[in-house]
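Visitor: kindly return the folded structure for what I paste below:
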Amino acid sequence: MDSKILLQKKLGFTDFKPGQREIVEDVGKKRDVVALLPTGGGKSLCYQLSGYLLEGPVLIVSPLLSLMEDQVQQMKSMGEKSVIAINSFLSFQEKEKLLHADFSRYKFIFISPEMLQVKRWLSKLQALPIGLFVVDEAHCVSQWGHDFRTDYLKLGDVRDKLGKPPCLALTATATDSVLLDIKKYLHLERAFEHIYSIDRPNIAYKVEHIGSNREKRERLHDLVKLFRGPGIIYFSSRTKAEQICQYLEEQGVERIAFYHAGLPQEQRILIQQQFLLGQLDVICCTSAFGMGINKSDVRYVIHYHQPTQLESYVQEIGRAGRDGGKSIAVLLKSDEDIMLPQLIIDQELPDHIFVSTVLTEMVSRWNEVKSLTDEMLTDLELRFPASETHWRYLAYQLSTFTAKNGPLSVMNLELCVSFLQKQIQARTSAKQEKLRFFHNWTLEADCRRRGILAYFGEVPGSPIRNCCDYCGIVMEEYSIHEEKRKSITGDAPSWKQLLAKLLVQED
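Guide: Take a look at the predicted model:
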């Protein structure tokens, strides 16, 4: 069936967004495809429609539980019932029930990369004739990307074990080096590439430099009261997201909530649904919120804290204006917070002392170690508390080392510690370089849009109205007062337009 006819029949759309048709038709020919579409470019449609063109179930690997649940609910609301999500939201009883269920009745199977490392789930999926292997947010596969996940590096091997079905790798932000990593780690030897501009002309960029955090808090309140919503405010700290949410509520801001990964799952799902349904207007959140959230009418995104790199920033501001409507992104940068991004980078990976201590303990307890098992991890976590990210990174690098050098033992302990330290230093140095670039971008007296596009290897097109604070922004056009004025006047024509109309009529 023609892809455009199928588009209307299955999804109710009359036409494709730029790039979608070409991607779908290549995947429909069972080709491996790497696709970069801007935020709001309709990546989910690409795998949904491709799935209808291909026989067999579609397996979609998704990095965030909220993103997965959002996609599942959207598909069900559009009439697609043969869809399921496999992630940690499921209770033990639900997982056990699913492990004995007939998966052949599901057309779309969403799963987290971590669950694919569980042998029972992988065996269950191996029994299926997977028609398409989708990797959403594929930039997570790259150690140089902004949202690196160690379990993404294993997806190429997982795909091989599933019979090497056609692969569709999707992302909204990727440099050339990240695109190379995507193809390398997903084992895509002859992938067809569909790379489109990351530019979002309907989003204006603004950076405001503020002296103190007190002034920044007050400026945030002014902007929230000024802008027409809905809006998202990003923080690098869970505590600060909660504190500022409370402050804004005390200042009279209504229909507002905070969101971060530390909240119970049920509460996160509730807040997400309330925002999608228009019951909340403002979300104070960490980066845990927003990836893939399909709310088309977000009018502004404010960053209370600067992210560590430009890729993260572009991904997060991309939540705004997905309907093509006029939107604005504001970064508030205070002198008091200038060291926060560096602190985040320093804490992202385990330090030398932690690595050395844990590896020494492993050798002393188990003599030889091929990999970090769940039993070992449980035992070590009690003795050496650390974040899940630290433990996953350590487990991945240990398995990489032992694959080349044999089991970890007293004989190669020093070599292993040195190996991990070099890996950590390389990633930290790359992150620091990205932070320096982003910091300079916030300071330079030049077009913000031009700087972003240059970073991703693009050249800007024609001049854009309301481009950025350097080129000029008419702030009133993003104001709630402007929206009210238009609703009252019906966006009445100016006296000049009326005069011109009268002159035409007289002629």
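Visitor: ok, Thr175 - contacts?
Guide: The contact partners of Thr175, by C-beta atoms under 8 Å, 6 or more residues apart in numbering, come to 144, 311, 455-457. (Glycine included, C-beta is placed from N, CA and C.)
Visitor: just the helices in the stretch 201-350 of the chain please.
Guide: Assigned helices in the stretch 201-350 of the chain, in chain order: 213-226, 238-250, 265-276, 310-317, 340-348 (criterion: DSSP state H, counting those that start in this stretch).
Visitor: report the rounded mean pLDDT for the first one.
Guide: Average pLDDT, helix 213-226: 95.
Visitor: which outside residues touch that helix?
Guide: 208, 210, 231, 233, 244, 247-248, 251, 253, 282, 300, 302, 304, 330, 332, 334, 336-337, 475, 478-481.
Visitor: in it, what counts as buried?
Guide: 216-217, 219-221, 223-224 (16 or more other C-beta atoms under 10 Å).
Visitor: quick check on Asp15: phi, psi?
Guide: Per-residue torsions, Asp15: phi -150, psi 160 (degrees, to the nearest 10).
Visitor: for Phe384, that is, sorry about that
Guide: phi -130, psi 80.
Visitor: how about it, nearest residue that isn't a chain neighbour?
Guide: Nearest non-adjacent residue to Phe384, counting by C-beta to C-beta, 6 or more residues apart in numbering: Val358, 5.6 Å away.
Visitor: dump the helix or strand where that neighbour lies to PDB, keeping only the CA atoms.
Guide: Following DSSP states H and E, one finds Val358 within helix 352-366. Extracted in PDB, the C-alpha atoms of helix 352-366 (Å, rounded to 0.1, in the frame of the first residue of the first chain):
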ATOM      1  CA  HIS A 352      39.700   7.200  41.000                       C
ATOM      2  CA  ILE A 353      39.500   6.300  44.700                       C
ATOM      3  CA  PHE A 354      36.000   4.700  44.300                       C
ATOM      4  CA  VAL A 355      37.200   2.600  41.200                       C
ATOM      5  CA  SER A 356      40.400   1.500  42.900                       C
ATOM      6  CA  THR A 357      38.700   0.600  46.200                       C
ATOM      7  CA  VAL A 358      35.800  -1.300  44.600                       C
ATOM      8  CA  LEU A 359      38.000  -3.300  42.200                       C
ATOM      9  CA  THR A 360      40.400  -4.200  45.000                       C
ATOM     10  CA  GLU A 361      37.500  -5.400  47.100                       C
ATOM     11  CA  MET A 362      36.200  -7.500  44.200                       C
ATOM     12  CA  VAL A 363      39.500  -9.300  43.800                       C
ATOM     13  CA  SER A 364      39.900  -9.800  47.500                       C
ATOM     14  CA  ARG A 365      36.400 -11.300  47.800                       C
ATOM     15  CA  TRP A 366      36.100 -13.300  44.600                       C
END
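Visitor: can you pull out the strands in this protein?
Guide: With DSSP state E, the ranges of strands along the chain come out as 33-36, 58-61, 83-86, 108-111, 132-135, 167-171, 192-195, 203-210, 231-234, 256-259, 282-285, 300-303, 327-334.
Visitor: how about residues contacting the fourth one?
Guide: Contacts of strand 108-111 from elsewhere in the structure, counted by C-beta under 8 Å, 6+ apart, are 48, 51, 57-62, 68, 71-72, 75, 80, 82-87, 103, 121, 125.
Visitor: what do you get if the cut-off is 6 Å, keeping everything else the same?
Guide: 57-60, 62, 68, 83-86 (C-beta atoms under 6 Å, 6 or more residues apart in numbering).
Visitor: who are the packing partners of the helix holding Val358?
Guide: If contacts are counted by 3 or more C-beta pairs under 6 Å, 6 or more residues apart in numbering; DSSP states H and E, helix 352-366 sits against helix 413-443.
Visitor: tell me the buried residues in the helix it packs on?
Guide: So for helix 413-443, counting by 16+ other C-beta under 10 Å, buried means 413, 416-417, 419-420, 423-424, 427, 431-432, 434-435, 438-439, 441-442.
Visitor: swap in stretch 111-125?
Guide: 111-116, 118, 121, 124-125.
Visitor: can you check stretch 387-396 too?
Guide: 390-396.
Visitor: could you work out the most separated pair of the residues you listed?
Guide: Farthest apart among the buried residues of stretch 387-396 by C-beta to C-beta are His390 and Tyr396. That separation is 11.1 Å.
Visitor: overlap in contacts, these two.
Guide: Joint contacts of His390 and Tyr396 (C-beta under 6 Å, 6+ apart) do not exist.
Visitor: Pro38 contacts Pro201, correct?
Guide: No. Judged on C-beta atoms under 6 Å, Pro38 makes no contact with Pro201 at a distance of 10.0 Å.
Visitor: higher neighbour count, these two?
Guide: Neighbour totals were compared for Pro38 and Pro201, and Pro38 leads with 21 against 17 (other C-beta atoms under 10 Å).
Visitor: quick one: that one from Leu180, how far?
Guide: In this view, Pro38 and Leu180 are 20 Å apart by C-beta to C-beta, to the nearest Å.
Visitor: low pLDDT regions in the chain?
Guide: 1, 66, 143-148, 290-292, 482-507 (pLDDT under 70).
Visitor: how is it partitioned into domains?
Guide: As assigned by automatic domain parsing, the chain contains the domains 3-195, 203-342, 349-468.
Visitor: next up, the contacts around the closest residue to Leu162 other than its chain neighbours.
Guide: Spatial nearest neighbour of Leu162, excluding adjacent residues (C-beta to C-beta, 6+ apart): Ile130 at 5.0 Å. Contacts for Ile130 were tallied using C-beta under 6 Å, 6+ apart; they are 56, 59, 162, 165.
Visitor: 10 Å instead?
Guide: Ile130 makes contact with 54, 56-59, 109, 159, 162-166, according to C-beta atoms under 10 Å, 6 or more residues apart in numbering.
Visitor: which pair in those spans the largest distance?
Guide: The most distant members of these, if one measures by C-beta to C-beta, are Ile109 and Lys164, lying 17.2 Å apart.
Visitor: so between these two, which is more surrounded?
Guide: Ile109 (21 against 13).
Visitor: beta partners of that one?
Guide: Leu59, Ile84 (DSSP bridges).
Visitor: thought Gly472 was touching Tyr205?
Guide: No. Using C-beta atoms under 10 Å, Gly472 is not in contact with Tyr205, being 11.5 Å away.
Visitor: neighbour count for those two, which is higher?
Guide: Tyr205 (24 against 10).
Visitor: that one bridge partners, please.
Guide: Ala329, Cys468.
Visitor: could you check how far it is from Gly451?
Guide: For Tyr205, the distance to Gly451 equals 9 Å [C-beta to C-beta].
Visitor: Arg105 now?
Guide: Counting by C-beta to C-beta - Arg105 and Gly451 are separated by 50 Å.
Visitor: just Ile283 next, same as before
Guide: Applying C-beta to C-beta to Ile283 and Gly451 gives a distance of 27 Å.
Visitor: comparing these two, which residue is more hemmed in?
Guide: Neighbours of Ile283 and Gly451, each counted by other C-beta under 10 Å, are more numerous for Ile283; the result is 27 against 20.
Visitor: tell me the contacts of the more buried one?
Guide: Counted by C-beta under 10 Å, 6+ apart, Ile283 has contacts 229-234, 241, 245, 256-259, 271-272, 274-275, 289-290, 293, 295, 298, 319.
Visitor: repeat that for Glu254.
Guide: 248, 280-282.
Visitor: so how far is Ser77 from it?
Guide: Distance from Glu254 to Ser77, by C-beta to C-beta: 27 Å.
Visitor: likewise Cys140?
Guide: Relative to Ser77, and taking C-beta to C-beta, Cys140 is found at 27 Å.
Visitor: neighbour-wise, which of the two wins?
Guide: Using other C-beta under 10 Å as the criterion, Cys140 and Ser77 rank with Cys140 on top: 25 against 8.
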